[in-house]
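Novice: The sequence isn't on hand, but the structure is:
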Ligand code: MMA
Ligand code: CA
């Protein structure tokens, strides 16, 4: 069953991938008859015996239609190599490049955050885009105040790392982290143009 969290995630991905549509009016999923307003006479139909089961059926119907529609949209986005999933996370790219700060902004505007691998599966999901666009990607990891010690953007410690041999090497000079095309990580200055990959 489609949870409100997943629905919100998918909306975020859609607005990230199709910014044009986020500005216009929504496509307009009309509420089924009897929803959205009370009838003229002001009688709440919920109190009419036998009405609630009908509402339940209609709701289930609408949910199924939405699930079907979303799964077809996901199919299209997968086909275009714009989304991939790992565990509960959806990773998405717009196929464009940006520096670290711009990537943070783009992902936030879309209702997500910069891709941050928490395990090998999530690392592989991000690697899928890095390989298919043949472009390194910045990750949601940064150097802490202690040189060569890296952390998540919220300041918490890394429980998973995949550093390239002899990395991190910047010792306070390379505060961001990029993913190479083999999935390993390199600390790097934050001003490079890298593939925008977000998570939702
Ligand atoms: C080398 C290596 C990295 C460093 C970059 C900076 C190509 O890789 O020394 O650790 O981050 O150079 O350009
Ligand atoms: Ca480095």
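Specialist: Ah, there it is. Remember, predicted model here, so these are calculated numbers, not experimental data. Ligands and ions are numbered 1, 2, ... in the order given.

Novice: got the buried residues for the longest helix seen in the chain?
Specialist: Longest helix in the chain by number of residues, with DSSP state H as the criterion: helix 51-79. The neighbour-count check on helix 51-79 (16 or more other C-beta atoms under 10 Å) flags 70, 74, 77 as buried. The way it works is simple: take the backbone N, C-alpha and C, and place the C-beta from them, glycine included.

Novice: For the following helix or strand past it, enumerate the helices and strands it packs against.
Specialist: Downstream of helix 51-79, the first helix or strand assigned by DSSP states H and E is strand 83-86. Judged by 3 or more C-beta pairs under 8 Å, 6 or more residues apart in numbering; DSSP states H and E, the packing partners of strand 83-86 are helix 51-79, strand 89-98, helix 120-132.

Novice: Relative to ligand 2, which of those is closest?
Specialist: Among the helices and strands packed on strand 83-86, the nearest to ligand 2 by C-beta to the ion is helix 120-132 (16.5 Å).

Novice: Contacts for that closest one, please.
Specialist: Outside helix 120-132, the residues within contact range by C-beta atoms under 8 Å, 6 or more residues apart in numbering are 81, 84-87, 89, 91, 93, 115-117, 136-137, 139, 160, 162, 179-181, 183, 195, 197.

Novice: Between strand 89-98 and that helix, find me the angle.
Specialist: Per axes from the mean of the first three to the mean of the last three C-alpha atoms, to 10 degrees, the angle that helix 120-132 makes with strand 89-98 is 30 degrees.
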